[in-house]
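> sequence first, predicted model second:
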Amino acid sequence: MHRVAITGIGIVSCLGSDTPSVTEALRQGRSGIVVDEQRQELGFRSPLTGAVQGFQVPKELSRKQRKSMPEFAVQAYAAATQALDTSGLERETIQNPESGLIFGVDSSCLAAVEQVDTLREKGETRLIGSGQIFRSMTSCVTMNLNTLLQTQGACWSLSSACSSGGHAIGQAADLIALGRQERVLCGGAQEINWESMCSFDGLGAFSLGEDGPQKACRPFDARRDGLVPSGGAAAVMLERYDLARARGAKILGEVKAYAFSSDGEHLSIPSRGGMQRAMRESIERAGLKTADIDYLSAHATSTPAGDAAEAENIKAVFGKTTPYVSSLKSMTGHELWMSGASQVVYCTLMAQGGFIAPNINFESPDEHTDGLRIVTETVTSPPGKVLCNSAGFGGTNSCLVLDFDQ
């Protein structure tokens, strides 16, 4: 089994569109959540959202190339090229069968709406346009990145609700560990427009943000009242460790282990057993003990049931003494399909910056979250060995163990 190195990262999120700005937002505990006036006008129960602001479309993307790319695919390209640049790899070095692409994504709701609206307006299917079929596919990110970057290895998208990004990075790491690929550009992307969130809003799962948008997302806090939707794109370059070291690459960290599980119970309510099985297995596969984990990047989205279940799972695994715990969604909102991948990027940035970001808006625990070592202020030391949790509807769980003690 080969070791798996992290050599590149890229991010476009509500915290910023490049790694320096996102690092500072994490360090300062700065929220990217805003009120969307259009959602208020449309009758949303909650008008809150994470907002990607100041994003510049990469100049090298032509109008013709963007024709087959929804906005989040363009953001994924930007994040992917950031990761590629960080890694020090030239584009020519990934244009071979040993280099692959795996992203966790959902299909584009907006693209589906647009093509139906065009048909109703024009009355002819041939007037919909050739780009819409590619824009609306679940695989739109990887198919476009494959064409633009010209990789020749693995090329597929994973869709497992809000654990998608975590599973994408885990599966990419497994392919490298097994010798099936030498490097994989992996990550997650999430559409952020109101069209993709209106039915979710109707479930009553979103925070009302009565204390203001930046205080709305309160993971693990007794007053949490729901999640805040968000999105963007996150990318990670994984490489076979020995090859990365041989070419003189800067090793940012290592994916020590990946484990998965499913609850096998409820469609939308997480169980008290599923995630803990994945946590235990990932730590065991990494050859570590629970005491070796010094930071846990929680999935916690600020929902009453979800946070309670994760807290109980964490305490079942770690006992009375948990590692530092924070949910970065307190700042970003819930980045849904990309969230498991963005956690890896955020943790890498924290390791590089020498700090652990806080779980902002946490004031007091409830009976379930009591006992967790919640980070309420920025810790001025870097995470060493990290456990990243992600989970999704249908009871799917992903756990990654990252090692930054290089």
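Arrived safely, thanks for sending. Numbers count the residues shown, from 1 in each chain.
> in which helix or strand would I find the residue positioned nearest the centre of the chain?
Nearest to the mean C-alpha position of the chain, counting by Cα atoms, centre = their mean, stands Ser339 at 2.2 Å. Using DSSP states H and E, the secondary-structure element containing Ser339 is helix 339-353.
> can you count the residues close to Asp263?
For Asp263, the neighbour count with other Cβ atoms under 10 Å is 20. For every residue, glycine as well, the C-beta is placed using N, CA and C.
> who's in contact with it?
Applying Cβ atoms under 8 Å, 6 or more residues apart in numbering, one finds that Asp263 lies in contact with Pro270, Ser271, Gly273, Gly274, Met275, Gly395, Thr396, Asn397.
> need the pLDDT of it.
Per-residue confidence (pLDDT) for Asp263: 88.
> max-length helix in the chain?
Using DSSP state H, we find that the single longest helix of the chain is helix 71-87.
> tilt between that helix and helix 339-353?
Relative orientation of helix 71-87 with respect to helix 339-353: 30 degrees, computed using axes from the mean of the first three to the mean of the last three Cα atoms, to 10 degrees.
> CA atoms only for helix 71-87, dumped as CSV, please.
Listed in CSV are the C-alpha atoms of helix 71-87, where the atom choice follows Å, rounded to 0.1, in the frame of the first residue of the first chain:
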residue,chain,number,x,y,z
GLU,A,71,-21.3,28.4,-12.3
PHE,A,72,-20.1,25.8,-9.8
ALA,A,73,-18.2,24.0,-12.5
VAL,A,74,-16.4,27.2,-13.4
GLN,A,75,-15.6,27.6,-9.7
ALA,A,76,-14.4,24.0,-9.6
TYR,A,77,-12.1,24.7,-12.5
ALA,A,78,-10.7,27.7,-10.6
ALA,A,79,-10.2,25.6,-7.4
ALA,A,80,-8.6,22.8,-9.4
THR,A,81,-6.1,25.1,-11.1
GLN,A,82,-5.2,26.6,-7.7
ALA,A,83,-4.5,23.1,-6.4
LEU,A,84,-2.5,22.3,-9.5
ASP,A,85,-0.5,25.5,-9.1
THR,A,86,0.1,24.8,-5.4
SER,A,87,1.4,21.3,-6.1
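> now it: buried residues?
71-84, 86-87 (16 or more other Cβ atoms under 10 Å).
> and the contacts of Asp263, which are buried?
With neighbours counted by 16+ other Cβ under 10 Å, these contain buried members at Pro270, Ser271, Gly274, Met275, Gly395, Thr396, Asn397.
> now secondary structure too, for those residues, in a markdown table please.
Supplementary listing: these in a markdown table, determined by DSSP: H, G, I helix; E, B strand; the rest coil:
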| residue | secondary structure |
| --- | --- |
| Pro270 | coil |
| Ser271 | coil |
| Gly274 | helix |
| Met275 | helix |
| Gly395 | coil |
| Thr396 | strand |
| Asn397 | strand |
